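J.: kindly generate the corresponding structure for this input.
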Amino acid sequence: MSIKEKQNITLNYELKLNDEIIDTNMDKESISFVYGSGQIISGLELGIKDMNEGETKIIKVSPKDAYGEYDEKLSETLDISEFEGIDLQIGMVLEAENDRKEPIRATVTDVTKEHVTVDYNHPLAGCELEFKVIIKSII
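T.: Numbering: from 1, shown residues only. Model (predicted):
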């Protein structure tokens, strides 16, 4: 039986970026979600649409169907005084709230004596992703 809207899907996956595995649950507990609910990225959801229980498939997902294109405008340089008391490191992820009290995350991309550059893009923005997916169950 192939996947249809509102069905509970259980799967295992391996995620590659530039031929390097960056995430996997192949030897771990499967993930479960409701198909069509937006719980996984749209490109992966579309890629598994016609799969059947027990089937394995390689799915390539473009940036626009994953975490979006990289947007240079989502990087900003701030005065280091705004980060007083924080041991800043390049690659560090900072969490804060925006004006509407919604959580936001930013990655530190540069630190000087006077400034800190942070990037609000998702770490996988602009990346073509490759998933190996095994459908464990369709309910």
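J.: from here on, just use CA atoms for contacts and neighbour counts.
T.: Noted.
J.: mind listing the strands for this protein?
T.: For the chain, applying DSSP state E gives strands covering 8-17, 20-24, 31-34, 56-61, 75-79, 93-97, 103-111, 115-119, 129-138.
J.: just the CA trace of stretch 54-64, in CSV.
T.: Taking Å, rounded to 0.1, in the frame of the first residue of the first chain, the C-alpha atoms of stretch 54-64 are listed here in CSV:
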residue,chain,number,x,y,z
GLY,A,54,9.5,-2.0,3.2
GLU,A,55,10.7,0.1,0.2
THR,A,56,14.1,1.9,0.1
LYS,A,57,14.7,5.0,-2.0
ILE,A,58,17.3,7.7,-2.6
ILE,A,59,15.7,11.2,-2.7
LYS,A,60,17.5,14.4,-3.7
VAL,A,61,15.9,17.5,-2.3
SER,A,62,16.7,21.0,-3.7
PRO,A,63,17.2,23.9,-1.3
LYS,A,64,13.8,25.5,-2.1
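J.: how about residues contacting that stretch?
T.: 43-44, 47-48, 69, 125-137 (CA atoms under 8 Å, 6 or more residues apart in numbering).
J.: ok, now how distant is the spatially closest residue to Tyr70 that is not a sequence neighbour from Ser75?
T.: Closest residue to Tyr70 apart from its sequence neighbours, by CA to CA, 6 or more residues apart in numbering: Gly126 at 4.5 Å. Distance, Gly126 to Ser75, by CA to CA, to the nearest Å: 14 Å.
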